[in-house]
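Peer 1: I would like the atomic coordinates for the input below:
(one chain, ligands or ions: 2)
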Amino acid sequence: MSAVGDDGHKQMKHVPQPPHGRLGFPPQMQTRPSKQLKSIKFLALATVVAASVAASGCGNDSKPDLANGKTLFIEKCGACHVMARAGTVGTIGPDLDDAFRRARIDGMGDTIEGVTLEQIKFPSQKLTPASLNMPADIVEGMDARDVAAYVGLVAGLPGKDTGELADIGGGDDGMSLFKTNCGSCHVLADAGTAGTVGPNLDMSKLDVKAMIAQIANGGNGMPAFEGTLSEDQIKMIAEYIDEVR
Ligand code: HEC
Ligand code: HEC
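Peer 2: Numbering: from 1, shown residues only. Ligands and ions are numbered 1, 2, ... in the order given. Have a look, this model is predicted:
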């Protein structure tokens, strides 16, 4: 669990902070429990997870595929979660670097992995509008294990991924930007994304101009990207969708 931590302190990648406080929710939605309550919940959950991971023997036989985990994280989780190593900047859900920084400092990478696996299976569904909630089982089986292992490896770490992980994500073309920022919520066949929180964009009838407005302003469950993405990036994504749908 320490292979990629070697350059951990050299370089801090800039990630825009969520606009609405630590969790990125508008103030009226900040209904999460106090820090202390939360860490008790975290510890209780961690214990349960550790026990069930041990019981199933999961993780002993074959090594998780971290490259697959990172690829899937970017496409299926990144639009809702900041995690610097993956280069994702979503603010619908909690910033996973913040959420797990304490556990990282305490050397609890396996716990982060276990909590993430549990979260993938049993996300809470308390937010309104319901479209903001994290869907259950976005990734399953070995894919879920790989994503959790990747989060367990890098959440809360500064710096950049190394080795084969360094080559995954990070592109600044329309398709890469779409995968990182939009794919967790939208189907677009050309990008291979399968999110079902928002409409299937292969079916969208909007013209490029209307799409640019939608991306910049968001609304009805979609976050606004003005401020997160540059005008050029927004235009590039809209033109990309228009070209491939
Ligand atoms: C549509 C948005 C959305 C997507 C997509 C999404 N999440 Fe979440 N996630 C949330 C929200 C909202 C919460 C906070 C509510 C809760 O705990 O269920 C959350 C909570 C979490 C937490 C708990 C963090 C903490 O502070 O305890 C983890 C871990 C997490 N998500 C990981 C993932 C992973 C891994 C994926 C991809 C497989 C993913 N999420 C996809 C919205 C999303
Ligand atoms: C957290 C989930 C989420 C993310 C992330 C997200 N969207 Fe959306 N998107 C939605 C929802 C929900 C709607 C429907 C809004 C409505 O009905 O007014 C929507 C609507 C749209 C529409 C309008 C489709 C139509 O034909 O009406 C476009 C275009 C769109 N999104 C593009 C994007 C792009 C591009 C990105 C990334 C830069 C993105 N979305 C990121 C959830 C999301």
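Peer 1: tell me which element Thr180 falls in.
Peer 2: helix 174-181 (DSSP states H and E).
Peer 1: and the next element down the chain from that helix?
Peer 2: The helix or strand immediately downstream of helix 174-181 is strand 187-188, counting by DSSP H and E.
Peer 1: Give the partner strands of that next one in its sheet and their orientations.
Peer 2: strand 193-194 (antiparallel) (DSSP bridges).
Peer 1: who does the following helix or strand past the strand it pairs with touch, helix- and strand-wise?
Peer 2: Going down the chain from strand 193-194, the next helix or strand is helix 208-217, by DSSP H and E. Helices and strands touching helix 208-217, by 3 or more CB pairs under 8 Å, 6 or more residues apart in numbering; DSSP states H and E, are helix 231-244. (Each C-beta comes from the backbone N, C-alpha and C, glycine too.)
Peer 1: CA atoms of the helix holding Thr180 as CSV?
Peer 2: The C-alpha trace of helix 174-181 is given here as CSV (Å, rounded to 0.1, in the frame of the first residue of the first chain):
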residue,chain,number,x,y,z
GLY,A,174,-13.0,17.3,-25.1
MET,A,175,-13.3,13.6,-24.4
SER,A,176,-10.9,13.5,-21.4
LEU,A,177,-12.6,16.6,-19.9
PHE,A,178,-16.0,14.9,-20.4
LYS,A,179,-14.9,11.7,-18.7
THR,A,180,-13.5,13.5,-15.7
ASN,A,181,-16.2,16.0,-15.2
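Peer 1: Do that helix and ligand 2 come into contact?
Peer 2: Yes. Interface with ligand 2: helix 174-181 contributes Asn181 (CB under 6 Å from any ligand atom).
Peer 1: Also stretch 74-91?
Peer 2: Yes. Applying CB under 6 Å from any ligand atom, one finds stretch 74-91 touching ligand 2 at Ala79, Cys80, Gly90.
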